[in-house]
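Novice: Attaching a predicted model along with its sequence, questions to come.
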Amino acid sequence: MEDKKLIFSGIQPTGTFTLGNYIGAVRNWGPLQDDYNCIYCVVDMHAITVRQEPAKLRQNTLNSYALLMACGIDVEKSILFIQSHVKTHAELNWILCCNTQFGELSRMTQFKDKSKKHPDDINAGLFTYPSLMAADILAYNADLVPVGVDQKQHLELARNIAQRFNQRYGDFFTVPEPYIAEVGAKVMSLQEPSKKMSKSDDNPNAVILILDDKDTIIRKFKRAVTDSEAEVVYREGKDGINNLMTIYSSVTGKDFKSIEAEFAGKGYGDFKLAVGEAVADHLEPVRTEFARLIQDKAYLKECYTAGAEKALRYSQRTLNKVYRKVGFVDR
Ligand code: AQP
């Protein structure tokens, strides 16, 4: 690898990516490839912390891989692979679990939220999810992790785990830094704008999927929950409008002041339509490229097999050193 800083990030194949995943994370990954060594991953092992239908998970994993390519990840520039193909992640996870405290895992808001959402399946994997995420990152000694603001707490824990390991066993892991997009770091639900937009939301109107067609996107924006005023301004308490302005700003590049000027004297109807059209047009090339890639399963397999080989080679070196540090006998 070239002598550049290393970026690692991953996404769960729990469904088609939402506009939140796209704006908060994935669309920033492509442009980073020129300035950093990038390693990206479809984290299927994370996905099973919530019950998944096996055939659907397989399909979603392949779709997610193709979607990442359609969103601009170039397999010639970056390492792009499927997490379960690289066994070192699970192996390093065990070592890191033994260096993670019950108390710190208990404080994770994602664990609390998902436990509430799935009260019949509060499994140990859901609890130790952040330790596997730390393993994903530390296996490559990543310097930077581009994530949406919702993942900041997990990343903070990955940093604590790395620091603890370094104190116990001698300096070894790079302590990773979050890399968060300035605009659109958190996209909210269109139906409950105080909640983040999530792939697994049960209400389809709350979520824009990046493969939705133009009519669907416009229809969902028209139904977006706003407020009883009629002014397009960014202000505390106007969660719905603030969210739409954030989305509009991140796909058009316009700042809030110029958006307010553009829609001065116009109603929410005009604004919602403009947001819907801008988002649909922005996503059109992604939809087209995805449709092309997903036809060619043999090519996708070639790409994810090569990606996994490179990732294994890299992370195995880290794991061997970690095993030695904790006192395991060399094979
Ligand atoms: N609403 C969001 N706004 C900004 N960024 C977001 N991300 C997720 N939702 C938003 C970012 O997307 C990346 C990949 O996320 P993930 O799929 O690994 O996990 P997640 O955060 O749990 O995403 P979802 O969509 O909410 O999935 P489900 O419903 O399966 O739990 C991360 O960088 C995340 O910050």
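Specialist: All right, it came through fine. Numbering: from 1, shown residues only.
Novice: Break this protein down into its domains, please.
Specialist: 6-184+297-326, 204-290 (automatic domain parsing).
Novice: Quick one, which of those gets closest to residue 197.
Specialist: Closest to residue 197 of the domains of the chain is domain 6-184+297-326 (CB to CB; 3.7 Å). All C-beta atoms are positioned from the backbone trio N, CA, C, and that covers glycine.
Novice: Quick one: mean pLDDT over the closest one.
Specialist: Averaged across domain 6-184+297-326, pLDDT comes to 95.
Novice: just use 37 as the starting number from now, easier for me
Specialist: Fine by me, first position is 37 from now on; the one you just mentioned is domain 42-220+333-362.
Novice: what is the residue nearest to residue 178 when sequence neighbours are not counted paired to in the beta sheet?
Specialist: Closest residue to residue 178 apart from its sequence neighbours, by CB to CB, 6 or more residues apart in numbering: residue 44 at 3.6 Å. Per DSSP bridges, the residues bridged to residue 44 are residue 75.
Novice: now for the lengthiest helix in the chain, which elements pack on it?
Specialist: Once the chain is assigned using DSSP state H, the helix that runs over the most residues is helix 333-362. Applying 3 or more CB pairs under 8 Å, 6 or more residues apart in numbering; DSSP states H and E, one finds that helix 333-362 contacts strand 73-78, helix 90-106, strand 115-118, helix 124-133.
Novice: now with 7 Å?
Specialist: If you count contacts as 3 or more CB pairs under 7 Å, 6 or more residues apart in numbering; DSSP states H and E, helix 333-362 packs onto helix 90-106, strand 115-118, helix 124-133.
Novice: Redo the ones you listed as JSON lines? Include mean neighbour count and distance to residue 236.
Specialist: Below are the helices and strands packed on helix 333-362 laid out as JSON lines (neighbours: other CB atoms under 10 Å; distance: least, CB to CB, whole Å):
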{"stretch": "helix 90-106", "mean neighbour count": "19", "distance to residue 236": "11"}
{"stretch": "strand 115-118", "mean neighbour count": "23", "distance to residue 236": "20"}
{"stretch": "helix 124-133", "mean neighbour count": "20", "distance to residue 236": "22"}
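Novice: who wins for proximity to residue 72 among the ones you listed?
Specialist: Comparing the helices and strands packed on helix 333-362 by CB to CB, strand 115-118 comes nearest, at 11.8 Å.
Novice: Quickly check: the closest one near the ligand or not.
Specialist: No: applying CB under 6 Å from any ligand atom, one finds strand 115-118 out of contact with the ligand, separated by at least 13.6 Å.
Novice: Contacts made by that strand with the rest, please.
Specialist: For strand 115-118, contacts defined as CB atoms under 7 Å, 6 or more residues apart in numbering pick out 75-78, 80, 97, 101, 104, 109, 339-340, 343-344, 346-347.
Novice: Pull up the residues of the stretch 87-236 of the chain that are close to the ligand.
Specialist: With CB under 6 Å from any ligand atom as the criterion, the stretch 87-236 of the chain meets the ligand at residues 183-184, 186-187, 222-223, 232-236.
Novice: ok, of those residues, which come out buried?
Specialist: In those, burial by neighbour count holds for 183-184, 186-187, 222-223, 232-235, counting by 16 or more other CB atoms under 10 Å.
Novice: For the ligand, state which of the residues you listed is nearest.
Specialist: Nearest to the ligand among these: residue 184, at 2.4 Å, using CB to the nearest ligand atom.
Novice: surely the closest one meets residue 215?
Specialist: No: judged on CB atoms under 7 Å, residue 184 makes no contact with residue 215 at a distance of 10.8 Å.
Novice: What ranges does this protein have for its strands?
Specialist: With DSSP state E as the criterion, the chain has strands at 42-47, 73-78, 115-118, 180-182, 213-215.
Novice: could you check the distance from residue 52 over to residue 58?
Specialist: According to CB to CB, to the nearest Å, residue 52 stands 10 Å off from residue 58.
Novice: re the thing from before, can you list the buried residues in the longest helix of the chain?
Specialist: Applying a neighbour-count criterion of 16+ other CB under 10 Å, one finds 336, 339-340, 343-344, 346-348, 350-351, 354-355, 358-359 buried in helix 333-362.
Novice: And stretch 159-168, by the same measure?
Specialist: Quick answer for stretch 159-168 (16+ other CB under 10 Å): 162-168.
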